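# Here is a sequence with its predicted model. Questions after.
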Amino acid sequence: MAEEPIILFEHVNKTYKNGTIGLKDINLSIPKGQFLVVVGLSGAGKSTLLRTINRMHGITDGKLYVDGDEISQYKGKALRTLRRQIGMIFQNFNLVNRSSVQKNVLSGRVGYYPAWKSILGLFSKSDRDKAVRSLRRVNMLEKLYARADELSGGQQQRVAIARTLMQDPKIILADEPIASLDPKTTKTVMDTLKSLNQEDEMTVIVNLHSVSLAREYADRIIGLRAGEVVYDQMIENVKEADLNQIYQTEEDS
Ligand SMILES: Nc1ncnc2c1ncn2[C@@H]1O[C@H](COP(=O)(O)OP(=O)(O)OP(=O)(O)O)[C@@H](O)[C@H]1O
């Protein structure tokens, strides 16, 4: 029997309060350990798709399973536990600029402490050791005591990845993680995500605008257009012309 998918969308729709359709009848089965890249024009629904998985956005109807459990109605402790299993990386890194790399990474453990402890910076020795291991994992240990805003964009993004590693995530969601980076640092960030996927068996889902990067890193590419999945192929079957079509605007055709 095939292994249960780690993420499963069944007829998922998402309509925003103002009536905008974010997702339309999404049916998607994502196996554990896949490196999935989501492409599509601006406004196609890529961020919405990603953010339904950790419930930053709720869905309007349908069913959404993570690791076998239907999560769309999760609240309280169940929701917090779900979110711990899912690391999220953003385009603009979301680091505290004036704080050290070490403190930024330790903040990935905040969800595990009562608020007063994390406010006072009372992290345990085992967490401080874990922060060292996480930074070593992304080749950033030498910057442990640097201020976040002294780092290049690519280095900041790797610190953001180290911060999510503090949660021991099974899934990493990366929403345009390289949109603010130059080509060289783009490679270090994408390579880091790929190595977490291949060596640590994390399932990685990345929204990208770059078709060439999608082809370079993905196991599978899906294309969205107006909230719908209009393309879904394993990398060995992906053709350049198909991808160009996803990026065609109404005016082009
Ligand atoms: N909070 C919101 N309220 C209302 N509409 C929203 C909200 N967030 C996104 N949308 C709309 O939902 C649709 C999908 O947006 P989404 O951000 O998911 O697209 P995207 O493919 O990630 O775009 P981009 O590449 O620009 O980030 C768009 O029409 C967008 O305007």
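Everything's here; your move.
# Need the contact partners of stretch 217-230.
By Cβ atoms under 8 Å, 6 or more residues apart in numbering, the residues outside stretch 217-230 that reach it are 14, 21-28, 34-41, 44-46, 48-49, 190, 193-194, 206, 214-215, 231-235, 238, 242-243, 246. Any C-beta I mention is one placed from the backbone N, CA and C, and that applies to glycine too.
# ok, which of those residues also contact the ligand?
G22, G40, A44, G45, K46, T48 (Cβ under 6 Å from any ligand atom).
# can you tell me the helix or strand for N27?
N27 belongs to strand 21-30 when assigned by DSSP states H and E.
# Packing partners of the one helix or strand E10 maps to?
For E10, the enclosing helix or strand under DSSP H and E is strand 7-15. Under the contact definition 3 or more Cβ pairs under 8 Å, 6 or more residues apart in numbering; DSSP states H and E, strand 7-15 sits against strand 21-30, helix 46-53, strand 61-66.
# ranking these by burial, who's on top?
Of all the helices and strands packed on strand 7-15, helix 46-53 has the most neighbours on average by mean count of other Cβ atoms under 10 Å, namely a mean of 22.
# So how do I select the buried members of the contacts of stretch 217-230 in ChimeraX?
Of these, the buried ones can be selected in ChimeraX as follows, counting by 16 or more other Cβ atoms under 10 Å:
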select :14,22,23,24,26,28,34,35,36,37,38,39,40,41,44,45,46,48,49,190,193,194,206,214,231,238,243,246
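# which parts of this structure sit against the ligand?
Y16, N18, T20, G22, G40, S42, G43, A44, G45, K46, S47, T48.
# Those: which two are farthest apart?
Farthest pair in the residues of the chain next to the ligand (Cβ to Cβ) is N18 and G40. Separation: 20.7 Å.
# who are the neighbours in contact with the residue of the stretch 51-200 of the chain found nearest the ligand?
Nearest residue of the stretch 51-200 of the chain to the ligand, counting by Cβ to the nearest ligand atom: E176, 6.4 Å away. Residues in contact with E176 (Cβ under 8 Å, 6+ apart) are K46, S47, F90, Q91, N207, L208, H209.
# hey, what's I172 bridged with?
G87, V204 (DSSP bridges).
# for it, what are its contacts?
By Cβ under 8 Å, 6+ apart, the contact set of I172 is I86, G87, M88, I89, I161, T164, L193, L196, M202, T203, V204, I205.
# nearest to F9, of those residues?
Nearest to F9 among the contacts of I172: I205, at 11.7 Å, using Cβ to Cβ.
# Near that closest one, how many other residues are there?
Here the number of neighbours of I205 (other Cβ atoms under 10 Å) works out to 24.
# from what I can see it touches P31, true?
No - at 11.8 Å, I205 does not count as touching P31 under the criterion of Cβ atoms under 8 Å.
# thinking again about what came up before, state the mean pLDDT of the strand holding N27.
The predicted model assigns strand 21-30 a mean pLDDT of 98.
# could I get that strand in CSV with only the CA atoms?
Provided in CSV are the C-alpha atoms of strand 21-30 (Å, rounded to 0.1, in the frame of the first residue of the first chain):
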residue,chain,number,x,y,z
ILE,A,21,-11.4,33.7,-4.4
GLY,A,22,-8.1,32.5,-3.1
LEU,A,23,-8.4,28.8,-3.8
LYS,A,24,-10.8,26.9,-6.0
ASP,A,25,-11.4,23.1,-5.6
ILE,A,26,-7.8,22.2,-4.8
ASN,A,27,-7.2,18.5,-4.8
LEU,A,28,-3.6,17.7,-4.0
SER,A,29,-1.7,14.8,-2.5
ILE,A,30,1.8,15.6,-1.3
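# Give me the sheet partners of that strand and which way each runs.
Strand pairing for strand 21-30, using DSSP bridges, gives strand 7-15 (antiparallel).
# ok, and what's touching the strand it pairs with?
21-30, 45, 48, 52-53, 57-66, 171, 203, 205, 227.
# All set now, cheers.
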